[in-house]
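Coordinates only, no sequence provided:
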């Protein structure tokens, strides 16, 4: 067994792993555990959302009408499409098609940027009319108790999600650079796969945020 | 004996140089770096504790103002919990022994491991900054609404805890993957040493609970900085929600603190009784049971916070329930010693301290879990005594036992047994003087977190303060002989205690790559009956092959 490894010890294999499969499996498990911590982080906020919604159902209903469903829908489509291009980037690398992998990663990056630009316009509108968290709330058009709580939770959740989009963009940029430098091949594309997992989670969290804030009445 | 072998080329000196240490990816070096850091924090936290006890020597205010006193006990608590106990056994000892015990070359993600140490140091610096810039007077629990209104530097302290949480998550993530993927050939789950089961269960809690604390602290910071109102009743928020969030992490966190201690005790009991552990699977699975049930009991911190009677009753029941796996462990340890050939080396003495003190701590926890009793004992010295019996009488005693057990492996040299016994005795006596009195104080109505008290409590408080000095003396002596051993101790040899787990199969200190020949698990970790019958092994201290029995009382 060890003779074989000595003969075919690839550059990407770290010294403490026996073989490439052990390294890939470890990375996958580690990433899933990390995603679990992300779910729990957001879980705290989802919990806060559920509690305050159950205490102020009318206020939440009135406040949610202030959000722009069309912009939310556009962003949802943009993010889901970016998940598709991410998956296609992984598939391209599996087929050793470096150029196509880079192309798909660039598309993913552009979709992510589009999401943030749309978010920027949504945020700046809310800043403009004073639909802001807590003590900064100056808007007067929402019926119900403590409407600022809705925007506290809205900004906390979408803000944290936006930071994750930003983090994902950094990672995708790093992947583009590494792919360009020929660091990946069909034998080793673990980082693309791991960033892909992360990106799908970021997408998935938005798929929960969108109906909770924009749709349900 | 005089020709004892000291492994000349080992992880400590190869590769050499400060830079090689600061950029190391070796789990053993990172473990040692963690050990230095947490021991410094233990000293700092202990220093604040003695100041608190000094103020409590007399009923009136004599050394510190009320505000200073609040800051002292907050610093003591926050340092001991977040900077010392939580990382102590997993990050310091666990980092060192976990890969060795499962026969791996390193943890699964060495760079993440190093990052965890630097994040810890960053968190420690932010914490120290908050101490200098006005300290914190909220207690380590940061309860709202006080924490959102006090003028002390709550934001930087919670930021420190937030940062430290990442270091804890990274360690836990690393351990989970390492245990799943990097075990040596032949090491099935039920051939793993129980230390690994304990560290694995701990890692599960670290990964599942810490993110919730992180988001809670973010909300607290947002509340303080921008007044988002989530915890502010005046703005429609709920301060009790903070308590729920906080204890959803912080109750499992006490199992982050105690489970690794229990893991160490399982190793020591088997090794020093020279006997297979009684009920291996029960001890292993009870760790997982504690980890899981521990997530369901947080409400017992809030019996007096206005939650409904029904939820209090459910939480009370679950609290009794979580005591069962701990009881299983204690009975199994005692049963392991039964008819064993017990050698009273220094690590084993700490096991006895642990069993004695942890049992008291655990039983008084049952008192506090009972609703009617808790209403009277809530926020009294009884609670203070209870968690010090569990955290210090449990975790710290186990940590000291583990340090004395693996010290020869970490540094390759043996400490002075005589002074080890002296220090152990002083700590045991000092600890009981300090904290047993606090059970009595609590039942008589002494509330916690007060800098002055009624004259009638003077004798007990005085006794407790004197006890804290004896306790401190015991630890100072320990520090002296342990550090002395690093430089002047006699070489320990590969297996000074006659242990059967993998870390004793390599030289002391271990080489950079842990094992010269990759180990294979052919027997269980505590199969003393089988291994004694079939083999001898090489005793480095004697410099020859000897029957296993002979080395026991060298």
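In hand now; what should we look at? Just so it is clear, the structure is predicted and the values come from calculations on it, not from any experiment.

Could you check which helix or strand contains the residue nearest to residue B:245 when sequence neighbours are not counted?
Leaving out its chain neighbours, the residue that sits closest to residue B:245 by C-beta to C-beta, 6 or more residues apart in numbering or on different chains is residue B:216, at 4.0 Å. Just so you know, the C-beta spots here come from the backbone N, C-alpha and C atoms, and that holds for glycine as well. Per DSSP states H and E, residue B:216 falls inside helix B:194-226.

Angles on the backbone of residue B:413, please.
Dihedral angles of residue B:413 (phi, psi; degrees, to the nearest 10) stand at phi -130, psi 150.

Across the sheet, point out what pairs with it.
Note on residue B:413: beta-bridge partners residue B:491, judged by DSSP bridges.

For the closest residue to chain A within the stretch 451-554 of chain B, which three-state class applies?
Using C-beta to the nearest C-beta, residue B:513 is the residue of the stretch 451-554 of chain B that sits closest to chain A, at 8.0 Å. Per DSSP: H, G, I helix; E, B strand; the rest coil, the secondary structure class of residue B:513 is coil.

close enough to count as contact, it and residue B:105?
Yes - counting by C-beta atoms under 8 Å, residue B:513 touches residue B:105, with 5.7 Å between them.

if you count what's nearby, which of those two comes out ahead?
With neighbours defined as other C-beta atoms under 10 Å in any protein chain shown, residue B:513 and residue B:105 compare such that residue B:105 has more, 20 against 14.

What pLDDT is listed against that one?
Per-residue confidence (pLDDT) for residue B:105: 94.

how about the closest residue to chain B within chain A, what does it touch?
Nearest to chain B, among the residues of chain A, is residue A:146, at 3.1 Å (C-beta to the nearest C-beta). If you count contacts by C-beta atoms under 8 Å, 6 or more residues apart in numbering or on different chains, residue A:146 has them with A:56, A:59, B:229, B:235, B:236.

can I get those in CSV with secondary structure and neighbour count?
CSV is the format used below for the contacts of residue A:146 (DSSP: H, G, I helix; E, B strand; the rest coil; neighbours: other C-beta atoms under 10 Å in any protein chain shown):
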residue, secondary structure, neighbour count
A:56, coil, 19
A:59, helix, 21
B:229, coil, 23
B:235, helix, 18
B:236, coil, 19
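
Closest one of those to residue A:188?
Ranked by distance to residue A:188 (C-beta to C-beta), the contacts of residue A:146 are led by residue B:229 at 49.5 Å.

where's the closest one relative to residue A:137, distance?
For residue B:229, the distance to residue A:137 (C-beta to C-beta, to the nearest Å) stands at 9 Å.

Spit out the residues that contact these two alike.
With C-beta under 8 Å, 6+ apart as the test, residue B:229 and residue A:137 both reach residue A:148.

Residue B:296 reaches residue B:318, doesn't it?
Yes - at 5.0 Å, residue B:296 and residue B:318 qualify as touching, with contact defined as C-beta under 8 Å.

in the longest helix anywhere in chain B, what's buried?
The longest helix of chain B (DSSP state H) is helix B:239-273. When neighbours are counted by 16 or more other C-beta atoms under 10 Å in any protein chain shown, the buried residues of helix B:239-273 are found to be B:239-273.

Ok, stretch A:69-81 next?
For stretch A:69-81, a neighbour-count test (16+ other C-beta under 10 Å) marks A:72, A:75, A:76, A:78, A:79 as buried.

Can you show me the strands along chain B?
Secondary structure of chain B (DSSP state E): strands at B:536-539, B:544-547.

And the residue nearest to residue B:245, how far from residue B:133?
23 Å.

Would you mind getting the angle between the helix holding residue B:216 and helix B:239-273?
On the basis of axes from the mean of the first three to the mean of the last three C-alpha atoms, to 10 degrees, helix B:194-226 is oriented at 160 degrees to helix B:239-273.

neighbours around residue B:455, how many?
Other residues lying near residue B:455 total 9 when counted by other C-beta under 10 Å.

need the contact list for the residue lying closest to it once chain neighbours are set aside.
Leaving aside its sequence neighbours, residue B:455 sits nearest to residue B:59 (C-beta to C-beta, 6+ apart; 5.2 Å). Residues near residue B:59 by C-beta under 8 Å, 6+ apart: B:452, B:453, B:454, B:455, B:457, B:458, B:461.

Now do residue B:59, the pLDDT please.
93.

ok, now residue A:4?
46.

cool, residue B:518 as well?
pLDDT for residue B:518: 86.

got the phi/psi numbers for it?
phi -60, psi 130.

what's the neighbour count on it?
Residue B:518, neighbours per other C-beta under 10 Å, totals 14.

Hmm, residue B:103 and it touching each other?
Yes - assessed by C-beta under 8 Å, residue B:518 is found in contact with residue B:103 at 6.8 Å.

any common contacting residues for the two?
B:184, B:185.

Tell me which of residue B:216 and residue B:133 has more neighbours.
residue B:216 (29 against 12).

Could you measure from residue B:293 over to chain A?
18 Å (C-beta to the nearest C-beta, to the nearest Å).

What residue, apart from its backbone neighbours, is nearest that residue spatially?
residue B:322 (4.4 Å).

Tell me the pLDDT of that neighbour.
Predicted confidence (pLDDT) for residue B:322: 91.

Tell me the spacing between it and residue A:115.
Using C-beta to C-beta, residue B:322 is found at 44 Å from residue A:115.

The two: which is more packed in?
Taking neighbours as other C-beta under 10 Å, residue B:322 and residue A:115 compare with residue A:115 leading, 24 against 21.

so which helix or strand takes in the more buried one?
Take DSSP H and E as the rule and residue A:115 turns out to sit in helix A:98-129.

Quick one: check that helix for contact with chain B.
No - Helix A:98-129 lies apart from chain B when judged by C-beta under 8 Å from any C-beta of the partner chain; the minimum separation is 13.1 Å.

Just the buried residues of that helix, please?
In helix A:98-129, counting by 16+ other C-beta under 10 Å, buried: A:101-105, A:107-109, A:111-112, A:114-115, A:118-119, A:122-123, A:126.

Would the longest helix seen in chain A count as contacting chain B?
Counting by DSSP H, the longest helix found in chain A is helix A:20-55. Yes - Helix A:20-55 is in contact with chain B by C-beta under 8 Å from any C-beta, via A:22, A:25-26, A:29-30, A:33-34, A:36-38, A:40-45, A:47-48, A:51-52.

how many other residues sit next to residue 87?
Defaulting to chain A. Residue A:87 has 16 neighbours, counted by other C-beta under 10 Å.

Please refer instead to chain B.
Residue B:87 has 28 neighbours, counted by other C-beta under 10 Å.

Now it. Nearest residue, chain neighbours left out?
Once flanking residues are discounted, residue B:87 sits nearest to residue B:38: 5.7 Å by C-beta to C-beta, 6+ apart.
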